[in-house]
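**Q** have a look; sequence and predicted model below, questions after that.
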Amino acid sequence: MLTTVLRGLAAASLASLLPLTLPAPAHAAETLPLAEAVTRLPVEVESRDGYDRSAFRHWNTGDIPDDGCNTRHEVLLSEAVEPPVVGSGCRLSGGRWWSYYDQTWVTSASGLDIDHMVPLAESWDSGASAWTAQRREAYANDQGADASLVAVTARSNRSKADQDPAEWLPSAAEVHCQYVAEWVATKLRWSLAADDAEVVALRGVAAGCQAQTVTYEPAP
């Protein structure tokens, strides 16, 4: 975004009112090599005790509550390669999407699922069981990071289900580096743990992804 340059005197006056040092942003983004990012994950035993999908309210009214579209629709609009027509009640028609899990073009919104990069059940196992209902809702509708929610074919999403990378990776091998980086970024963003088998799998993929980086910003 372009900003107006302050004139010399105004800038000097403003500087005199500011502290000598400014605090760092509370939630600064960080970029790491994938292999290093994996080491940042806390390793813990996972438990699904008490899990219920309804503990994660979704889809809510999304990032723009007055647009008549819920989170699912907003993600579809954001990720469309060719934008759909938005009708009454945020009904989408037309449009074109790229499902990167299986390298497939999709031309109907009804053929897409919105995948939680780290599935709701997996997040519960990894730390979300201790969250408030409000934080679980924020997680389930997170549009603050591109990797958190992704539009993919229904068949690829349902093949993945609630499995972690020790159990499932996309059918397109050429996207494994990207997928694992986005998985790790999401866990780091939400301070979620990983179990032993998961970490072994993540390290195995990362070993073949020397150029892959992970960028994440802690969730508010």
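**A** Structure's in. What do you need? Bear in mind the structure is a predicted one, so any value in this text is a computation, not a measurement. Numbering: from 1, shown residues only.

**Q** hang on, S156 in a strand?
**A** No. If the criterion is DSSP: H, G, I helix; E, B strand; the rest coil, then S156 is helix and not within a strand.

**Q** residues near it, how many?
**A** S156 sits with 21 neighbouring residues when counted by other C-beta atoms under 10 Å. Where you see a C-beta, it was placed from the backbone N, CA and C, and this is true even at glycine.

**Q** just L112 next, same as before
**A** 24.

**Q** so what's the backbone phi/psi at it?
**A** When quoted as degrees, to the nearest 10, the phi and psi of L112 stand at phi -110, psi 140.

**Q** and it, what does it touch?
**A** By C-beta atoms under 8 Å, 6 or more residues apart in numbering, the contact set of L112 is 76, 97, 99, 106, 151-154.

**Q** return the members of those classed as buried.
**A** Buried members of the contacts of L112, counted by 16 or more other C-beta atoms under 10 Å: 76, 97, 99, 106, 151-153.

**Q** so which of those residues belong to strands?
**A** 97, 99, 106, 151-153 (DSSP state E).

**Q** between these, which is nearest Q163?
**A** Nearest to Q163 out of those is V152 (C-beta to C-beta; 14.2 Å).

**Q** in TSV: the contacts of L112, plus pLDDT and distance to V118.
**A** Putting the contacts of L112 into TSV (pLDDT from 0 to 100; distance: C-beta to C-beta, whole Å) gives the following:
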residue	pLDDT	distance to V118
L76	98	20
W97	98	21
S99	98	18
V106	98	23
A151	98	16
V152	98	14
T153	98	19
A154	97	19
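
**Q** can you pull the contacts of the closest residue in space to E30 that isn't next to it in sequence?
**A** Excluding its sequence neighbours, the residue lying closest to E30 (C-beta to C-beta, 6 or more residues apart in numbering) is Y216, at 6.4 Å. Under the criterion of C-beta under 8 Å, 6+ apart, the neighbours of Y216 are 29-30, 37, 145, 184-186, 188-189.
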